[in-house]
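Participant: Model the structure of this input:
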Amino acid sequence: MRDFFKQTLATLLALSIFAGISIGGLLTLIIGIAASSSQDTGPVVQDKSILTIDMGQSMIDSQPQVSAREFLQNGRPNVIQLRSTIQAIDAAAKDKRIAGIFLFNRNSAVSNGSSYANLKEVRGALEKFKKAGKKIYAYDVDWSEREYYLASVADQIGINPMGSLELNGLSSETTFYGGALEKFGIGVQAIWRGKYKSAIEPWVRKNRSDASRQQTAKLLNDLWQEFLQSSSKTRKLDPKTMQQLSNSKGILTPEEAQKAKLIDNLVYTDQMIDQLKKITGEDQENKSFKQISLPKYAQTIDDDGGFGKRNQVAVIYATGEIVNGQGGPGMIGGDSLARQLRKIRQNNDIKAVVLRVNSPGGSATASEIIQREVILTQKQKPVVISMGGVAASGGYWISTYANKIFAEPNTITGSIGVYGLQPNFQKIANQNGITWDVVKTGKFADSLTVSR
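Facilitator: Okay, here's the model as predicted:
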């Protein structure tokens, strides 16, 4: 540590000499930086501000782990944490400085990537906001179903006169490679357990099995009915009327959407801004209505997370595919998540655990390793599962030993089987002059190769 301080001081000294700054000037510079840092109080909320929420921003369970390469290539992803979103909306409902909420899409060509389960939680927070006596306004050029599901709670919904509203329903289309693989002589050896384990089918079939068709139809119907029921209720419409529009129109023009009472106003962006100016007054700096974005407002909320306090509840996020080992960005490492649970189990200051699961599954081995730690933790303190958009297969497996499991009506969940897949290129390779000659010590020594 002493060497570190010596090296740091030497570096600062060298920089000051290089820049032609005296020692006194260097100290003044350091003090100035510290002072300006201490004076930075973060975003300021003006009186009568509108909280703006970008519906094109994905609302996800945990902050994404982005590699340096991905950041340089794509920049910061347009996402916000679901917990921050709900906390901000709840706080805004009680904040006298917030006059209302404006839902919009900064990039109308980009649709919301949030799961319907997460959007339902946000919808619930928006409904509470309305019950507090505050107004919600929504506007977009081209409304997608995900955005409309969220915005249908608004008091006023506007659409650009040249826009459209999508109401054509949900579909699931799978590409099947079985016929092509068979044609080119590529063999696929598949083993699976479970009637509804359809993930294997694209590689061995030319169409869906009856079981796959049945489960997919049930899933889509459940999601669609939730969309119709929630949207029609807040718009004071009959779900059957919305279904008829879906069957007869699919994509509605602004005039058709307004006539059907799905939309209130046909307005251009500048007209929408002028309407909001009448509520907040004009912000002289940006020549628009007084506003604060959701990410900035979330920064103003005091949430210390209870660090260093006794009797805490730990919240852990299990987001992504379940893989063996430590895992990477967007993955759940079996060993790394098990280690987190183990530390929590051994921490006497933590009295309960909430495990937020949003995973389609993955490695059975890694799922078992995680489940074992859930079992051990549950024996010492309560474990509660909160399911997000999907908690299927291994995602459901790691949830089963909790004291309680909570899910949204549109959470995709269930444990439907396991499978293994092994391709072989023996036939197509032999047809093109490629052969293999193997020496082995046992009958199955070459059983995991592409040549057999």
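
Participant: quick one: low-confidence ranges for the stretch 1-150 of the chain?
Facilitator: Applying pLDDT under 70 to the stretch 1-150 of the chain picks out residues 1-41, 64-77, 108-112.

Participant: Could you pull out the helices in the stretch 351-452 of the chain for me?
Facilitator: Using DSSP state H, counting those that start in this stretch, the helices found in the stretch 351-452 of the chain span residues 364-378, 394-397, 426-431.

Participant: Would you format these as TSV with distance to Ala318 included?
Facilitator: Backbone N, C-alpha and C define where each C-beta goes, glycine included. What follows is the helices of the stretch 351-452 of the chain, written out as TSV (distance: least, C-beta to C-beta, whole Å):
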stretch	distance to Ala318
helix 364-378	8
helix 394-397	7
helix 426-431	40
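
Participant: which one of those lies closest to Lys278?
Facilitator: Proximity to Lys278 (C-beta to C-beta) singles out helix 394-397 among the helices of the stretch 351-452 of the chain, at 47.6 Å.

Participant: Just list what the closest one packs against, helices and strands only.
Facilitator: strand 350-359, helix 364-378, strand 412-414 (3 or more C-beta pairs under 8 Å, 6 or more residues apart in numbering; DSSP states H and E).

Participant: Compare those and say which comes out lowest on pLDDT.
Facilitator: In terms of average pLDDT, strand 412-414 trails the rest of the helices and strands packed on helix 394-397, at a mean of 90.

Participant: OK, contacts around Thr280?
Facilitator: Taking C-beta atoms under 8 Å, 6 or more residues apart in numbering, we find Thr280 in contact with 48-50, 99, 289-291.

Participant: Return the members of those residues classed as buried.
Facilitator: Neighbour-count burial (16 or more other C-beta atoms under 10 Å) is assigned, among those, to 49-50, 99, 289-291.

Participant: Give me the subset of these that lies in strands.
Facilitator: Mapping the buried ones among the contacts of Thr280 onto strands (DSSP state E) picks out 49-50, 99, 289, 291.

Participant: picking that back up, which of the helices of the stretch 351-452 of the chain sits closest to Leu355?
Facilitator: Of all the helices of the stretch 351-452 of the chain, helix 364-378 sits nearest to Leu355, with 7.2 Å by C-beta to C-beta.

Participant: Show me what counts as buried in the closest one.
Facilitator: 364, 366-367, 369-374, 377-378.

Participant: One more: stretch 333-352?
Facilitator: The neighbour-count check on stretch 333-352 (16+ other C-beta under 10 Å) flags 333-334, 337-338, 340-341, 344-345, 350, 352 as buried.

Participant: Distance of Val315 relative to Val383?
Facilitator: 12 Å (C-beta to C-beta, to the nearest Å).

Participant: how close does the closest residue to Gln229 other than its chain neighbours get to Ser231?
Facilitator: Using C-beta to C-beta, 6 or more residues apart in numbering and skipping the chain neighbours, the partner closest in space to Gln229 is Pro239 (5.8 Å). Using C-beta to C-beta, Pro239 is found at 8 Å from Ser231.

Participant: Looking at the two, which one has more neighbours?
Facilitator: Ranked by neighbour count (other C-beta atoms under 10 Å), Pro239 and Ser231 place Ser231 first, with 22 against 15.

Participant: and that one, that's in a helix?
Facilitator: Yes - when DSSP: H, G, I helix; E, B strand; the rest coil is applied, Ser231 is found to be in a helix.

Participant: remind me which residues of the stretch 251-400 of the chain are low pLDDT?
Facilitator: Using pLDDT under 70, the stretch 251-400 of the chain drops low at 302-308.

Participant: and the buried residues of stretch 333-352, which of them are in helices?
Facilitator: In helices, judged by DSSP state H, the following of the buried residues of stretch 333-352 are found: 334, 337-338, 340-341, 344-345.

Participant: Against which helices or strands is whatever helix or strand Ala180 lives in packed?
Facilitator: Assigning secondary structure by DSSP states H and E places Ala180 in helix 178-183. Counting contacts by 3+ C-beta pairs under 8 Å, 6+ apart, helix 178-183 is packed against strand 187-193, helix 201-204.

Participant: Of these, which is nearest Asn160?
Facilitator: Judged by C-beta to C-beta, the one of the helices and strands packed on helix 178-183 that comes nearest to Asn160 is helix 201-204, at 39.3 Å.

Participant: quick one: buried residues of the closest one?
Facilitator: Buried residues in helix 201-204, counted by 16+ other C-beta under 10 Å: 201, 203-204.

Participant: got it, and stretch 353-362?
Facilitator: Applying a neighbour-count criterion of 16+ other C-beta under 10 Å, one finds 353-362 buried in stretch 353-362.

Participant: what's the answer for stretch 314-334, then?
Facilitator: Of the residues in stretch 314-334, those buried (16+ other C-beta under 10 Å) are 314, 317-323, 327, 331-334.

Participant: Among the residues you listed, which ones are in strands?
Facilitator: Going by DSSP E, the strands hold 314, 317-319, 321-323, 331-333 from the buried residues of stretch 314-334.

Participant: Next one: Asn107 from Arg146, what distance?
Facilitator: Distance from Asn107 to Arg146, by C-beta to C-beta: 14 Å.

Participant: The two - which one has more neighbours?
Facilitator: More crowded of Asn107 and Arg146, by other C-beta under 10 Å: Arg146, with 19 against 10.

Participant: same for the one helix or strand that one maps to, what does it pack against?
Facilitator: Using DSSP H and E, Arg146 falls within helix 145-151. Using 3+ C-beta pairs under 8 Å, 6+ apart, the elements in contact with helix 145-151 are helix 116-131, strand 135-143, strand 156-166, helix 210-234.

Participant: and the second one with helix 116-131, angle?
Facilitator: So that's strand 135-143. Going by axes from the mean of the first three to the mean of the last three C-alpha atoms, to 10 degrees, strand 135-143 is angled at 140 degrees with respect to helix 116-131.
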